[in-house]
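S.K.: make a model of this:
(2 chains)
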Number of protein chains: 2
Amino acid sequence: MSLVNKQVLLASRPSGEAAADNFRIVETPVPELSDGQVLVRNHYLSLDPYMRGRMNDSKSYAQPQALDTVMLGGTAGVVAASKNPAFQVGDKVVGMGGWQDYVIIDASQRGMLRTVDTTHIPLSAYLGAVGMPGVTAWYGLVKIIAPKAGETVVVSAASGAVGSVVGQLAKARGCRAVGIAGGADKCAYVVNELGFDACIDYKAQVGVKELSAALKQACPDGIDGYFENVGGTILDAVMQRANAFSRIALCGMISGYNGEPIPMAAPQLLLTNRMKLEGFIVSEHMEVWPEALTELGTRVATKQLKYRESIADGLAAAPEAFLGLLKGKNFGKQLVKLV
Amino acid sequence: MSLVNKQVLLASRPSGEAAADNFRIVETPVPELSDGQVLVRNHYLSLDPYMRGRMNDSKSYAQPQALDTVMLGGTAGVVAASKNPAFQVGDKVVGMGGWQDYVIIDASQRGMLRTVDTTHIPLSAYLGAVGMPGVTAWYGLVKIIAPKAGETVVVSAASGAVGSVVGQLAKARGCRAVGIAGGADKCAYVVNELGFDACIDYKAQVGVKELSAALKQACPDGIDGYFENVGGTILDAVMQRANAFSRIALCGMISGYNGEPIPMAAPQLLLTNRMKLEGFIVSEHMEVWPEALTELGTRVATKQLKYRESIADGLAAAPEAFLGLLKGKNFGKQLVKLV
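M.R.: So this is what the prediction gives:
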């Protein structure tokens, strides 16, 4: 029996907003395994904002995704066949399986595929709070913001896969955690379920001035650390409330991913407040993953770290789910469930 | 005989550009010394861009200069009378003597006044390369940019008191040093006298695009470290040429000191290039001064570190010299010679 693999390819590059016709679904036969290879049935596909950047042709930190190739992305699944002694059929595994039902991975290369324990942690969490988004949150908070107890930490996209972890880890370190999210329902979730001290609905604020006023109210002692996922006017408003010696971990600027200009209005605040701002990509800091995953895994297994998932059904739903993610339509970690 | 002290006061706050009528010169008698106090005859008065910020009423890192008080500023002079056993008449001293001929300093407070050795280092240099500007250059370069040999370091206001030291220290560390300065004469000096590898005349470049092209030529391997004194379009152009993992030491943004907006055009480059940007004020890092001054003093005494001075004559010339400094009319460290 030869397996058929359904795949989502990058069909064309967006000009401005990404659209459904930038993707194409194809079916291809799954080839035979060679020695060292593992065939994985992808169960969950992770959708993440960084993927938008790779759809462009422009210079960025990541190589552009080549046209007519399978969309890259993290996946969690189960080993369906193996010619590698380290992996057995039935093993739960996490890797970069891409937007497709099956993937063949050369597992002899270190780091390409790892088995995970789903006794206390659901498989899908390894794509979220106990995976790349969680470690991203951990790195930016712990290594860049490095907050002291009593300080105030603000995070944008606070209900998302990364932001939700940032605030909860900040709370665990004795900080005041304030979120910024789009919509009353997300804000209510951030405060009531995740335990943030406050959350500001940026959609209810007209502009920088209003957002800044809302931040002043939510952060009576100013802002010591900011974890940035959005950029644009939100960053401008936060900078107006930043304390001396505050730190900004620059993780994402989704407001500019379609190519809109997102100037920083008042960079002189970085000087007058002696701020530190650092851009980072978590995959370049593999040395922290073990420490971060230990904390994240323990907190998820013991229910101290909560998360929420938006789950799209079936591979064909991936493009639409991804486009929704870019517009903030998801609520929590955006996944596609394939099995 | 009672001494008369000529003083420059802040008469009013500028709206927009600072002007001569923001200052007022008065004459006051010098009071008697109390125990612990030292009377210093100021020989040199240091003029520095940071003073512009203190003329405003707005929140900044420094308290605003109060109206109708003597303009604050660093001075080098000679002890004229002393009721403090640590200071003798004739001692060469450096302190914050302000824009006036004489100053009484309570020298019992540590750090208010220090004696300096002028055997191998001219007195005026303690206000420049071996003083606050030199340590500013040292801190931003060594502690924030932290360049490796072979990297490219760019500095704006390259012929100035701070910039000239940044480039020479970078060269001493095996870096390519590229300056940005205003005018062909300053650029020639930066390359021919100070030994930078290249210097770009920003006045000869029409806009960001042209400046970026000039930087590309002067920095064939991109930019690894940038020491910022100016801001605005110069910062935008540098960011276009910044390498992955580059560092920006944010020391000054003189292009915005009159209140003009100086937005940063593309902050997303900080993310895509995983850059680090840090604002700093050298007076908050007193722990590095001994190490920095040791290197700076040794290099000046052995003629390895060169500097240039623009010297205005007499206290009455201070306001005009300061206004010229804000427009880049000075060439090297701007001083006022009082004796």
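
S.K.: got the phi/psi numbers for residue A:173?
M.R.: phi -100, psi 10 (degrees, to the nearest 10).

S.K.: ok, it - how many residues close by?
M.R.: Neighbours of residue A:173 under the rule other CB atoms under 10 Å in any protein chain shown: 18. The way it works is simple: take the backbone N, C-alpha and C, and place the C-beta from them, glycine included.

S.K.: pLDDT wise, what is it at?
M.R.: Note for residue A:173: predicted pLDDT of 98.

S.K.: which ones are touching it?
M.R.: By CB atoms under 8 Å, 6 or more residues apart in numbering or on different chains, residue A:173 lies in contact with A:147, A:149.

S.K.: where exactly do the helices run in the stretch 101-250 of chain A?
M.R.: A:132-138, A:163-172, A:184-192, A:208-218, A:233-240 (DSSP state H, counting those that start in this stretch).

S.K.: starting at the chain centroid, how far to the second one?
M.R.: Which is helix A:163-172. Counting by CA atoms, centre = their mean, to the nearest Å, helix A:163-172 is centred 14 Å from the centre of its parent chain.

S.K.: who does it touch, helix- and strand-wise?
M.R.: Applying 3 or more CB pairs under 8 Å, 6 or more residues apart in numbering or on different chains; DSSP states H and E, one finds that helix A:163-172 contacts helix A:132-138, strand A:152-156, strand A:176-181, strand A:223-228, helix A:289-301.

S.K.: ok, residue A:150 - how many residues close by?
M.R.: Count around residue A:150 with other CB under 10 Å applied: 11.

S.K.: that one reaches residue A:174, doesn't it?
M.R.: Yes: at 6.3 Å, residue A:150 counts as touching residue A:174 under the criterion of CB atoms under 8 Å.

S.K.: follow-up on the earlier one: need the helices of the stretch 101-250 of chain A in TSV with mean neighbour count and distance to residue B:35, can you?
M.R.: Below are the helices of the stretch 101-250 of chain A laid out as TSV (neighbours: other CB atoms under 10 Å in any protein chain shown; distance: least, CB to CB, whole Å):
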stretch	mean neighbour count	distance to residue B:35
helix A:132-138	27	58
helix A:163-172	27	52
helix A:184-192	19	60
helix A:208-218	17	48
helix A:233-240	23	47
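
S.K.: turn those helices into JSON lines, columns for distance to residue B:5.
M.R.: Shown next, in JSON lines, are the helices of the stretch 101-250 of chain A (distance: least, CB to CB, whole Å):
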{"stretch": "helix A:132-138", "distance to residue B:5": "59"}
{"stretch": "helix A:163-172", "distance to residue B:5": "54"}
{"stretch": "helix A:184-192", "distance to residue B:5": "61"}
{"stretch": "helix A:208-218", "distance to residue B:5": "45"}
{"stretch": "helix A:233-240", "distance to residue B:5": "42"}
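
S.K.: just the helices and strands packed on helix A:163-172: most buried one?
M.R.: Among those, strand A:152-156 has the highest mean neighbour count (mean count of other CB atoms under 10 Å in any protein chain shown), at a mean of 31.

S.K.: how distant is that strand from the center of its chain?
M.R.: Using CA atoms, centre = their mean, the offset of strand A:152-156 from its chain centre is 16 Å.

S.K.: that strand vs strand A:223-228, what angle?
M.R.: 20 degrees (axes from the mean of the first three to the mean of the last three CA atoms, to 10 degrees).

S.K.: by contact count, what packs against strand A:152-156?
M.R.: Right, strand A:152-156 is packed against helix A:163-172, strand A:176-181, strand A:223-228, helix A:233-240 by 3+ CB pairs under 8 Å, 6+ apart.

S.K.: if we use 7 Å, what do you get?
M.R.: Using 3 or more CB pairs under 7 Å, 6 or more residues apart in numbering or on different chains; DSSP states H and E, the elements in contact with strand A:152-156 are helix A:163-172, strand A:176-181, strand A:223-228.

S.K.: okay, angle between the second one and helix A:233-240 too, please.
M.R.: Here the directions of strand A:176-181 and helix A:233-240 differ by 150 degrees (the same axes, to 10 degrees).

S.K.: what's strand A:176-181 in contact with?
M.R.: A:152-159, A:163, A:167, A:170-171, A:187, A:190, A:196-202, A:218-219, A:234 (CB atoms under 7 Å, 6 or more residues apart in numbering or on different chains).

S.K.: so which of the helices of the stretch 101-250 of chain A comes closest to residue B:315?
M.R.: Among these, helix A:233-240 comes nearest to residue B:315, with 39.4 Å by CB to CB.

S.K.: report the inter-axis angle for the closest one versus helix A:208-218.
M.R.: 50 degrees.

S.K.: so for helix A:233-240, mean pLDDT?
M.R.: Here the average pLDDT along helix A:233-240 is 98.

S.K.: give me the contacts around it.
M.R.: Applying CB under 7 Å, 6+ apart, the set of residues contacting helix A:233-240 is A:154, A:156, A:180, A:202, A:207-208, A:211-212, A:215, A:223, A:226, A:228, A:264-266, A:269.

S.K.: how about those, which pair is most distant?
M.R.: Maximum distance among the contacts of helix A:233-240 (CB to CB): 19.5 Å, for A:202 and A:269.

S.K.: counting contacts, what elements does the strand or helix carrying residue A:335 pack onto?
M.R.: In this assignment (DSSP states H and E), residue A:335 forms part of strand A:333-337. For strand A:333-337, the elements it packs on are strand A:37-46, strand A:309-313, helix A:318-326, judged by 3+ CB pairs under 7 Å, 6+ apart.

S.K.: hang on, the earlier thing: next, format the helices and strands packed on helix A:163-172 as CSV and append mean pLDDT.
M.R.: Below are those laid out as CSV (pLDDT from 0 to 100):
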stretch, mean pLDDT
helix A:132-138, 98
strand A:152-156, 98
strand A:176-181, 98
strand A:223-228, 98
helix A:289-301, 97
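
S.K.: using JSON lines, please lay out the ones you listed together with distance to residue A:85.
M.R.: Output for the helices and strands packed on helix A:163-172, formatted as JSON lines (distance: least, CB to CB, whole Å):
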{"stretch": "helix A:132-138", "distance to residue A:85": "27"}
{"stretch": "strand A:152-156", "distance to residue A:85": "43"}
{"stretch": "strand A:176-181", "distance to residue A:85": "45"}
{"stretch": "strand A:223-228", "distance to residue A:85": "41"}
{"stretch": "helix A:289-301", "distance to residue A:85": "24"}
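
S.K.: so what's the residue nearest to the spatial centre of chain A up against?
M.R.: Centroid check for chain A by CA atoms, centre = their mean gives residue A:133 as the closest residue, at 4.1 Å. Residues in contact with residue A:133 (CB under 7 Å, 6+ apart) are A:161, A:162, A:165, A:333.

S.K.: out of the residues you listed, who's nearest residue B:19?
M.R.: Using CB to CB, these come closest to residue B:19 at residue A:162, 49.8 Å.

S.K.: thought the closest one was touching residue A:138?
M.R.: No: contact status for residue A:162 versus residue A:138: not in contact, 9.7 Å apart, counting by CB atoms under 7 Å.
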